[in-house]
Every structure is written in C-alpha cells, then in structure tokens.
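Undergrad: For reference, the sequence and a predicted model appear below.
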Amino acid sequence: MLQAYVDASGKGDRRFLVIAGYIATAETWDDFSKAWKSRLDCAQLPYFKMNQMTSRLEIAGWFYRLIEEHNIKASIACIINTAELVEVEKSIKYPSYITNPNSADNPYYWGFKYTIGILAERQRELDLAEPVNFIFDEDSEKSKIPRAWDLIKKAARSDLSTLMGNMPVFRDDAKTMPLQAADLYAWWVFKWQREGVVDWATNLPFPWPKSRNIPRLAAYFGRKSFLFDISKTLESLARTPDELEYAKSLMPEDWRGT
C-alpha cells in the first residue's frame with residue numbers, strides 16, 4: 001500500500017491554504033528517512049522547516065535532491081481559496097436542523113476532503129493503482145478528521161472509496177522525515193500561489209535546478225467548488241420542496257448536470 005505524507009502551509013492566511021506532499025511505498029519512505037536524517041546530522045539541524053531556510057536556499061536545495069534521488073511516485077498539492085470559502089459560507093442559509101455543517105467554514109476540513117478525494121479520482125493518471133494511506137502533520141486539526149473521514153468514504157463512489165486506504169494518521173513532523181519533505185513542498189506551493197505564479201504546477205520554479213520530473217497532481221478549489229459540494233449536500237438532506245429548490249439554486253450555472 002502507498003503512503004502519502006502531506007503538510008499544510010498558510011495557516012491563518014486570509015487568502016489560501018495549501019496541503020501538499022509526496023507519495024511513495026513504505027519501503028521507499030524507510031530508505032528516504034534514513035538518508036534525510038543523515039543529511040540533518042551533517043547539516044547540524046534538529047529537523048527541517050522550510051520557513052527557516054529562506055536565507056539558506058542552497059541547503060534547502062540539497063535536501064530537495066533527496067526527494068529526486070528516491071523512488072517517490074508522485075506529488076500532490078491542493079490549494080483552498082480561503083477568502084472565497086468564507087464568502088460562500090456567509091451566503092449560505094442552512095436549514096435549522098443543520099447546526100454544525102461539517103465545520104464548513106474551516107479550510108482544513110475542505111483541504112482534507114479535497115486532497116483525499118482528488119487523489120482517488122485522478123491517481124490512475126499518476127500510474128498509481130494501489131490504495132493510499134495518508135499521514136498528516138499533528139498540527140492539522142485532527143479532532144475533526146474521523147467524522148469527516150466517514151462522510152467522505154460514504155459519499156465516494158465505490159471504485160474511488162477502495163483507493164482511499166485507511167483512516168489517516170497523524171505524526172510529529174519534527175520526528176517524521178517524509179513530513180519534513182512535505183513541508184518543503186507545501187511552503188513553496190503556498191509562496192508561488194500567493195505571488196500569482198500562474199505556471200508553477202508545470203514548471204516548479206524552485207531556485208535550484210531539477211534533475212527529475214516527479215509526476216504531480218495540483219488542484220485548485222474556489223467558489224464554484226464549494227458551491228457545488230454544498231448544493232449537492234443540501235440537496236441530499238432536503239426535507240421540503242423549498243429546501244430542495246434552494247439547494248439546487250446554489251449550483252454554479254455552468255456546473256449543472258455534472
């Protein structure tokens with residue numbers, strides 16, 4: 001079974017939240033972790049945090065080289081437009097019986113949902129046929145994950161749910177080497193997104209040369225994505241014709257029928 005180690009970048013930012021990381025087999029991650037730890041020791045670092053490497057980019061590039069040197073199968077990056085999520089949530093009139101709509105104004109909930117969902121939908125494009133287990137950083141809002149996980153699995157098509165692996169687990173990124181690699185990638189994706197780098201997913205404009213093109217999946221979720229999902233959810237829960245009509249009215253016009 002494959003393992004996806006992912007980390008978040010942009011906590012507290014009003015515009016974007018990024019969840020990103022890498023996918024490989026457990027065996028690859030074991031070898032990778034030993035090499036990464038050896039490099040930490042050589043650099044006399046207790047752990048790697050990209051936000052502490054902004055003035056030491058040659059060191060960051062040296063660590064990135066390990067990602068290229070190991071058999072990392074693919075990368076994944078999901079961008080949540082936090083500003084548009086807040087805007088959408090303020091506009092929704094939830095029925096009175098929905099008292100806590102899946103913490104719907106929480107970008108981490110959407111990031112969790114979309115990261116797992118989009119990979120299941122498109123992982124065959126990355127030549128990944130096995131189920132994927134997710135490992136998140138402990139800083140993620142893990143108290144909300146079990147309920148969200150159940151909802152995501154139940155809502156997924158059967159051919160997709162079988163690819164979703166087991167309940168995600170959480171690890172300390174200071175002790176988990178693949179999460180430090182995920183931190184490196186998530187930090188750069190957040191930076192590129194904030195700076196409006198349009199073609200970052202195509203070119204990966206790191207400030208160091210790249211020697212291997214790792215297959216990657218990058219997805220952006222904004223206003224239409226949120227309205228689509230909220231519309232579908234409220235439609236499934238509607239108890240009256242008026243509620244059903246309201247739910248359908250939320251669907252973006254050019255997404256109707258999908």
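TA: Thanks, I have it. Treat the numbers as computed from the prediction; the structure is a model and nothing was measured.

Undergrad: Just the CA trace of stretch 113-125, in CSV.
TA: Extracted in CSV, the C-alpha atoms of stretch 113-125 (Å, rounded to 0.1, in the frame of the first residue of the first chain):
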residue,chain,number,x,y,z
LYS,A,113,-11.7,16.4,1.9
TYR,A,114,-10.4,17.6,-1.4
THR,A,115,-6.8,16.3,-1.0
ILE,A,116,-8.0,12.7,-0.4
GLY,A,117,-10.9,12.9,-2.9
ILE,A,118,-9.0,14.4,-5.8
LEU,A,119,-6.2,11.9,-5.5
ALA,A,120,-8.7,9.0,-5.5
GLU,A,121,-10.3,10.4,-8.6
ARG,A,122,-7.1,11.0,-10.5
GLN,A,123,-4.4,8.8,-9.1
ARG,A,124,-4.5,6.5,-12.1
GLU,A,125,-3.3,9.4,-14.2
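
Undergrad: For it, buried residues please.
TA: Counting neighbours by 16 or more other CB atoms under 10 Å, one finds that the buried residues in stretch 113-125 are 113, 114, 115, 116, 117, 118, 119, 120, 121, 123. (Glycine included, C-beta is placed from N, CA and C.)

Undergrad: got the contact list for it?
TA: For stretch 113-125, contacts defined as CB atoms under 8 Å, 6 or more residues apart in numbering pick out 4, 6, 19, 23, 74, 76, 78, 80, 129, 132, 134, 148, 152, 156, 160-161, 163-164, 168, 217, 219, 221, 225, 229.

Undergrad: now, which of those lie within strands?
TA: Within the contacts of stretch 113-125, residues falling in strands by DSSP state E are 4, 6, 19, 23, 74, 76, 78, 80, 132, 134, 217, 219, 221.
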